[in-house]
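Colleague: only geometry, no sequence info:
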């Protein structure tokens, strides 16, 4: 136990009700400065964020801008079915018009999204390469000659008889430009930012004791102090659960052309509140991973596997995809079943995986360090991942996650109903997550 919360006066005073004599019947006392020290391994994810990744905001619905590096996004898009070049046996020089393209693969929730940097009528001469989705050894290069709209281009084929016809979901990569001498300047698109939204969620946990309980002394100390400490621990664990498993109400993100996205503008009464008093919920690691996976951002971000047949070879293939964007290390928050499987792999001397135990970060969170051929996994044995969650894990790049704090954790004292013969305090937090670049920062793993 890191510390025992003490109710001491602080600048924070919330929900005050002034009595006739001017004394407050309800007062708020901050415990925000120390709460990350309280049993960090009971809530390892939120403890680490509280210690190192706090971002104070002045609006519980927080708008921010996400910069997507050119190498991460912007140089790739996808073919749609309409107008896709039938180039299998044709030669260089063949022209194809009215080719429909889109920013994300078909059948995801962003199906049909425009490629926002394609500017109709602009003098943009891109050379592109299309790889056959069914056979990665086959490719065809084209020169984009005309941009009709954000979803339609005209091209000239550059590769002789590539052996396949471009089909729905074939990936298109910009490989360069080919301008004529004296032509217009290039067009910048890599410096664009995308507007995103995140929300803080109000969490309340009640500590309650009767008059008799307040006066009891039991083995180990004062009973009310024990209740108060356990309630604060429970409050912190509740923050952990919602951060890993919760969900933000989806909205539209007009600036990015996205609909039904957890990164969209807030919907005032979408979860049963009102325009004046909305019920805000925060995005979670699980929701962000499934969103990134559903729109095809960065390949698979949800890995569902069969534990009985899962092999070292499968693990290396999956971690290859996990580390696709060159993150050097991930925290891997998971259950004992996942730790057992990883340890067995590491104990195989031919696996190429090494591990070390008894590591601890500066927030006091213990982890087992697995070094794979693709990168480092800091496995945190999560106490909440039991039963149905024992074989589940979340990989998180903590450098890309922020803890949004609209109102830090505080204790609101004496919230009991008048006439109740006892005491009631409640712990309150107004916090949420900002998850940047979800295709790079988060993924969900389950073995069944």
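Modeller: Perfect, thanks for sending it. From a predicted model like this one, the values you see are computed outputs, not experimental measurements.

Colleague: show residues contacting stretch 204-212.
Modeller: Contacting residues not belonging to stretch 204-212 are listed as 223-224, 227-228, 231-232, 234-235, 238, 415-416, 421-428 [Cβ atoms under 8 Å, 6 or more residues apart in numbering]. Just so you know, the C-beta spots here come from the backbone N, C-alpha and C atoms, and that holds for glycine as well.

Colleague: before we move on, what about stretch 338-347?
Modeller: 307, 310, 312, 315, 332, 351, 353-355, 368, 370, 377, 379, 381, 385, 390-393, 445, 447.

Colleague: buried subset of the contacts of stretch 204-212 as a ChimeraX selection?
Modeller: Command for ChimeraX that selects the buried part of those, burial taken from 16 or more other Cβ atoms under 10 Å:
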select :223,224,227,228,231,232,234,235,238,415,416,423,425,426,427,428
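
Colleague: among the contacts of stretch 204-212, name the ones in helices.
Modeller: Counting by DSSP state H, the part of those found in helices is 223, 224, 227, 228, 231, 232, 234, 235, 238.

Colleague: so what's the third one up against?
Modeller: To tie it back to what came earlier, the one meant is residue 227. Counted by Cβ under 8 Å, 6+ apart, residue 227 has contacts 207, 208, 209, 213.

Colleague: that one and residue 207: what is the separation?
Modeller: 6 Å (Cβ to Cβ, to the nearest Å).

Colleague: ditto for residue 292
Modeller: Using Cβ to Cβ, residue 292 is found at 38 Å from residue 207.

Colleague: excluding chain neighbours, what is closest to residue 158?
Modeller: In this structure, residue 158 finds its nearest non-sequential neighbour in residue 141, 4.2 Å apart by Cβ to Cβ, 6 or more residues apart in numbering.

Colleague: quick check: beta-bridge partners of that neighbour?
Modeller: Residues in a beta bridge with residue 141, per DSSP bridges, are residue 129.

Colleague: just checking, it touches residue 175?
Modeller: Yes. Between residue 141 and residue 175 there is a contact under Cβ atoms under 8 Å: 7.2 Å.

Colleague: overlap in contacts of these two?
Modeller: 127, 128, 129.

Colleague: ok, the last one touching residue 175?
Modeller: Right, residue 129. Yes. Counting by Cβ under 8 Å, residue 175 is a contact partner of residue 129 at 5.1 Å.

Colleague: more neighbours: which of these two?
Modeller: More crowded of residue 129 and residue 175, by other Cβ atoms under 10 Å: residue 129, with 16 against 11.

Colleague: surely residue 368 touches residue 360?
Modeller: No. Look at residue 368 against residue 360 with Cβ under 8 Å: they stay out of range, at 10.9 Å.

Colleague: the two: who's more crowded?
Modeller: residue 368 (19 against 11).

Colleague: so the more buried one is in which element?
Modeller: strand 366-371 (DSSP states H and E).

Colleague: direction included, what does that strand pair against?
Modeller: Counting by DSSP bridges, strand 366-371 is paired with strand 354-360 (antiparallel), strand 376-381 (antiparallel).

Colleague: and the shortest one, what's buried?
Modeller: By 16+ other Cβ under 10 Å, the buried positions in strand 376-381 come out as 377, 378, 379, 380, 381.

Colleague: hang on, the third one packs against residue 366?
Modeller: The one in question is residue 379. No. Using Cβ under 8 Å, residue 379 is not in contact with residue 366, being 10.0 Å away.

Colleague: hang on, the earlier thing: list the contacts of the residue nearest to residue 158.
Modeller: 127, 128, 129, 130, 157, 158, 159, 175.

Colleague: could you rerun that using 6 Å?
Modeller: 129, 158, 159 (Cβ atoms under 6 Å, 6 or more residues apart in numbering).

Colleague: all helices for this structure, in order.
Modeller: Going by DSSP H, the chain shows helices at 44-52, 211-215, 223-245, 285-294, 312-322, 336-347, 438-441.
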